Structure formats: C-alpha cells, structure tokens
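J.: quick one, what's the 3D model for this:
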Amino acid sequence: MLDGGIDFLNILRVVIDIGLVWYVLYKLIMLIRGTKAIQLLKGIVVVFVVRLISFLFDFQTIKWITDQAIDWGFLVIIILFQPELRRALEQLGRGSIFSRSTKSEEEILQQIIDSIVESCNYMAKRRIGALITIERETGVGEYTETGIPINAELTHQLLTNIFTPNTPLHDGAVIIKGDTIVAAACYLPLSESPFISKELGTRHRAAMGISEVTDAITIVVSEETGYISATKNGELRREISEEALRDYLRGNLSINFKPPEKLSNERKRGKKNG
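T.: Numbering: from 1, shown residues only. Okay, here's the model as predicted:
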C-alpha cells in the first residue's frame, strides 16, 4: 500500500479479472457467430435495454414483463439450446475453444484457396455445375440451415464429390466457413436484378442474390459452358481463369480482408462481356 492509499496488487487483480471475463465472452461470441444463437444474443440485449428504459421512466407494466422474461428466460434458453450448449461444453472439455491451431493463419488460408481453385478447375474442365458460397464477416447461418449439415474439413476431393451429378447433394449450394464445409444442398435467395444477362441461369442468380444481402463470396461453375464466375457485393465477374480466381480469392479472403487486387486484363474482359 502506497502513501496515496493505492494498492497496486488489488488493481492488478481487478484488471486481470476483467480481462479474463472479456476474453471468455469474446471466445463465446466467436463460437456462436453466424449461428441462430447470435440472434438470440441480440434479443437478450434488447430485453435488457427495454428493462433499463422501463426503470428510468418507471414504466411499471413493461418493467414487470421484462422482469418475467429475465427470470424465466435463462431456463428457456437452456431448454431450447441444449444441443449447442452441450457441444460448447464438449469443446471446452477438449480444450478446443481456447487452444491455438498448430497451423498459421496464412497456411490455412493458402490451403483453403488451393482446395477451392483445384476443385473448380476440375469441375470446369468436365462441365460439372457448382455453386460455392464462402462466408466472410456477415453470417449466413439462415441459409446454412436450409441444407444438409456436413461440418467436414475442406478438401478439393470432398468439394468435387459433392457436386458430382446424380448424387443426393449436388443440387444447391455448398457453404464454406473458414476451412470447413458447413453444409451442402443449401438454398440461396435469387436476385431479381433486371441487369443480369438473360443467358445466365439459376446458379448465377442465386450467387448474385446471396451477394446482395451478405458480404459472402460465391463461385459458380457453369454446367453449360464450363466457365467460372464469382460474385461479391452484388458484382458478377465472369469467365475467370485459374490464376485470376486464385488472385481473386487471395485478395478477398486475406486475413485482414484487404481490398481486392486490381483485375487482370482477362478478368476485365470477362466483366465487360457480362
């Protein structure tokens, strides 16, 4: 204890305590990001805000309703989200929530890009239609729920096999989150833009549709022409070569989400033709 009455040991203890709480909260938010649980979290925040307002302005009826929601809400959450809570506890027991990956982020990113590019090239040469959506900052959980859960490590073999014609999962979109194929046979919203070329089919309209409501990147392999296209933020780039696709993914999926690199001449010609 110093003369000023400040106990630096206690201050350090409080700082560590607050830091640990924020770290745990951050990990939990990262765990549920992009799932339906994040919407529940937003609802909880709204309830507490309404509760605060009712307390400040002495709204007795609203205060009673929010009190009931808070008193019984946690029990309802436990019942409704029992599978998610069990999965989180299992990950906590395995130490996978707080553990760091043995691979660097750059290595993981390169592996993701290689798998996607190799699979797209294979399917393009054989004119196998494909629709691949890659989640970025905005969660696409509501579209994931329309498909069949996969939750498997991303590899070009698995990605190619999913789109093999006449198999149960080939129709619809594959959704990728990080280095994981989350779901297949997903339904994406179709764009109603009148500026889309009439020669483009449902896959391209679905790719444009998801790009208009999220920041996801979607890759389309045309079954008719074998051309590869990509969409982002409502923009469609057509007839992308292997190297151009690799550059496009590298520019948009980098760790810090750096702005995409300038288009090559080939990609500019593809955009002009589109």
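
J.: any idea whether the spatially closest residue to Pro149 that is not a sequence neighbour is helix, strand or coil?
T.: On the basis of C-beta to C-beta, 6 or more residues apart in numbering, the spatially nearest residue to Pro149 that is not a chain neighbour turns out to be Ala183, at 5.4 Å. C-beta here means a position set from N, CA and C on the backbone, and glycine is covered the same way. Following DSSP: H, G, I helix; E, B strand; the rest coil, we place Ala183 in the strand state.

J.: got a pLDDT number for Ala183?
T.: According to the predicted model, the pLDDT of Ala183 comes to 94.

J.: now do the same contact list for it.
T.: With contacts taken as C-beta atoms under 8 Å, 6 or more residues apart in numbering, Ala183 has the following neighbours: Thr144, Glu145, Gly147, Ile148, Pro149, Ile150, Asn151, Val174, Ile175.

J.: that one and Arg126: what is the separation?
T.: When C-beta to C-beta, to the nearest Å is applied, the distance between Ala183 and Arg126 equals 24 Å.

J.: same check on Leu109?
T.: For Leu109, the distance to Arg126 under the criterion C-beta to C-beta works out to 27 Å.

J.: which helices and strands sit right next to the strand or helix carrying His204?
T.: Secondary structure assigned from DSSP states H and E places His204 in helix 202-213. Using 3 or more C-beta pairs under 8 Å, 6 or more residues apart in numbering; DSSP states H and E as the contact criterion, the secondary-structure elements in contact with helix 202-213 are strand 130-134, strand 217-221, strand 228-232, strand 235-237.

J.: switch to 7 Å and redo it
T.: If contacts are counted by 3 or more C-beta pairs under 7 Å, 6 or more residues apart in numbering; DSSP states H and E, helix 202-213 sits against strand 130-134, strand 217-221, strand 228-232.

J.: how many neighbours does the closest residue to Ile112 other than its chain neighbours have?
T.: If you skip the residues right next to it in sequence, Ile112 has Asp179 as its closest partner in space, 5.4 Å away by C-beta to C-beta, 6+ apart. Look at Asp179: counted by other C-beta atoms under 10 Å, it has 15 neighbours.

J.: contacts only, for Asp179.
T.: Residues counted as contacts of Asp179 (C-beta atoms under 7 Å, 6 or more residues apart in numbering) are Ile108, Gln111, Ile112, Glu153, Leu154.

J.: rerun that using 10 Å as the cut-off
T.: With contacts defined as C-beta atoms under 10 Å, 6 or more residues apart in numbering, the neighbours of Asp179 are Ser101, Lys103, Ile108, Leu109, Gln111, Ile112, Ser115, Glu153, Leu154, Thr155.
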